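Asker: Turn this into a structure:
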Amino acid sequence: MKQKFSVGKALGIILLGAIIGGILGELFGMILPESVVREFLLKKYAFGFTNPLNIDLSIITFSFSLMLRMNVVSLLGIVFGFYILKYTR
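Answerer: All right, here's what the predicted structure looks like:
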C-alpha cells in the first residue's frame, strides 16, 4: 500500500530542497573561480513585490513584502526535493 503525502508535507520537502540549493549556490560562489559556469549557476532571479504593501489602520500599521530569489542551483534543489518526494513514498 502506497503512503500518501499531504500537500503541506510535499511543499515542505520541495521548499527544503530550494533552501538547501540556495545554500549550496552560495558555497559554490565562494569556491568557483570567475567563469561563465559560475555566472550561469549563480545568476539570481528575483520574483515578488519591489515595494512593500502598507496597511495603516490608525492604531496599527501592517507592512507586507514577499521576494523570492532563485538561482539555477536552487532550481536543482527543488528538482531533487521533488525526486525524493516521488520515490520515497
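Asker: Give the full set of residues in contact with residue 24.
Answerer: Residues in contact with residue 24 (CB atoms under 8 Å, 6 or more residues apart in numbering) are 73, 77. Placement of C-beta: from N, CA and C, glycine included.
Asker: Distance check, it against residue 76.
Answerer: Computed as CB to CB, to the nearest Å, the residue 24 to residue 76 distance reads 8 Å.
Asker: now swap in residue 54 and tell me
Answerer: Distance, residue 54 to residue 76, using CB to CB: 36 Å.
Asker: So those two - more neighbours on which side?
Answerer: Ranked by neighbour count (other CB atoms under 10 Å), residue 54 and residue 76 place residue 76 first, with 17 against 10.
Asker: give me phi/psi at that one?
Answerer: In terms of degrees, to the nearest 10, the main-chain angles of residue 76 are phi -60, psi -40.
Asker: mind listing what it touches?
Answerer: residue 21.
Asker: just residue 78 next, same as before
Answerer: Contact analysis of residue 78 by CB under 8 Å, 6+ apart lists 14, 17, 18, 21.
Asker: State the helix or strand in which residue 46 lies.
Answerer: Element membership for residue 46 (DSSP states H and E) is strand 45-48.
Asker: which parts of stretch 79-89 are buried?
Answerer: Of the residues in stretch 79-89, 80, 81, 85 count as buried by neighbour count, 16 or more other CB atoms under 10 Å.
Asker: Tell me how far stretch 72-82 lies from the chain's centre.
Answerer: Its chain's C-alpha centre and that of stretch 72-82 lie 8 Å apart, by CA atoms, centre = their mean, to the nearest Å.
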